[in-house]
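Visitor: Return atomic coordinates for the entry below.
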Amino acid sequence: MTKIKLTIEYVGTDFCGWQSQKNGNSVQDAVEHALGKYFGCDFVRIYAAGRTDVGVHATGQVAHFVTDKCVNCYKLCLGVNVALGASVAVTSAEVVEDSFDARFSALSKTYCYRVYISPTRKPTLDVNHTQIYKPLDIARMREAAALLVGTHDFAAFQKTGSNLKGTVRTINSFDVIDNGNGTVYFTVNGNAFLYNQVRTMCGLLIEVGKGKFCLTDVEAMINGNKLKFRTMPAKGLTLEHVYY
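Guide: Presented below is the predicted three-dimensional model:
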């Protein structure tokens, strides 16, 4: 048996999320059935580094599968991509040790949330950015992001209804990048994330950037006091990289 690691890129707005669902077009289903066509079977079960929600994109999702077939990784990528639609592709494949697990071997993940600042809509950016109508205070957002770095109980940052029991997570870095062209990127790396945590953190920082919240409000959230503000839309979020 051979274990293969895949790196997968997709436009999340065309799917109901990563995970296979009975009534939905998921990324997992698309890749599993494309692998099935390549290997001449119904589907090949794959296991991902983590689920992405409906509308969330990825440039560096990682998954693995096991096969008893002889695999040429280059031909595998080409063959599987022929069976995939335009919104998803396997960008690389490699043979890995039997001990590798896409989910449990992961050390950290990097997500990027993208916004553009403009009073008018920009269709070419709308695919993977969220529009913000007025300028943001970048310096103040950077100060707020620094408060989120470290190991904290992020219970106040998860969406209501999550069934996760443990809510302590470690944020290794959180950068607010002003690209100078009207776009701002929020890049966060952590060991793991709660449901909607990244989108909630970015929403909080944007409220700080608008002047609606201050640094003490960020500290209050870290201490478990939920504040009312907008959770950022999924389309601005991309899973960039999984580290092993």
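Visitor: same for the host helix or strand of T170, what does it pack against?
Guide: Assessed by DSSP states H and E, T170 sits inside strand 168-178. With contacts defined as 3 or more CB pairs under 8 Å, 6 or more residues apart in numbering; DSSP states H and E, strand 168-178 has these neighbours: helix 138-148, strand 150-153, strand 183-190, helix 197-210. Any C-beta I mention is one placed from the backbone N, CA and C, and that applies to glycine too.
Visitor: what angle do that strand and helix 138-148 make?
Guide: 170 degrees (axes from the mean of the first three to the mean of the last three CA atoms, to 10 degrees).
Visitor: where in this structure is pLDDT low?
Guide: The chain contains residues with pLDDT under 70 at 160-164.
Visitor: can you give me the helices for it?
Guide: 27-39, 73-82, 123-126, 138-148, 197-210, 215-222 (DSSP state H).
Visitor: Can you say which of those helices is packed in most?
Guide: Highest mean neighbour count among the helices of the chain (mean count of other CB atoms under 10 Å): helix 197-210, with a mean of 24.
Visitor: Off-centre distance for it?
Guide: Computed by CA atoms, centre = their mean, to the nearest Å, the separation of helix 197-210 from the middle of its chain amounts to 16 Å.
Visitor: Can you tell me what sits against that helix?
Guide: Contacts to helix 197-210, defined as CB atoms under 8 Å, 6 or more residues apart in numbering, come from residues 111, 113, 115, 132, 134, 136-138, 140-141, 144-145, 148, 154, 157-159, 169, 174, 176, 186, 188, 213-215, 217-218, 221, 227, 229-234, 236-237.
Visitor: Select only the buried ones of the residues you listed in ChimeraX?
Guide: The following ChimeraX line selects those of the contacts of helix 197-210 that are buried, judged by 16 or more other CB atoms under 10 Å:
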select :111,113,115,132,136,140,141,144,145,148,154,157,158,169,174,176,186,188,213,217,218,221,229,232,233,234,236,237
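Visitor: show me what contacts the residue sitting furthest away from the middle of the chain?
Guide: Going by CA atoms, centre = their mean, the residue of the chain most distant from its centre is C70, 31.7 Å out. Counting by CB under 8 Å, 6+ apart, C70 touches T2.
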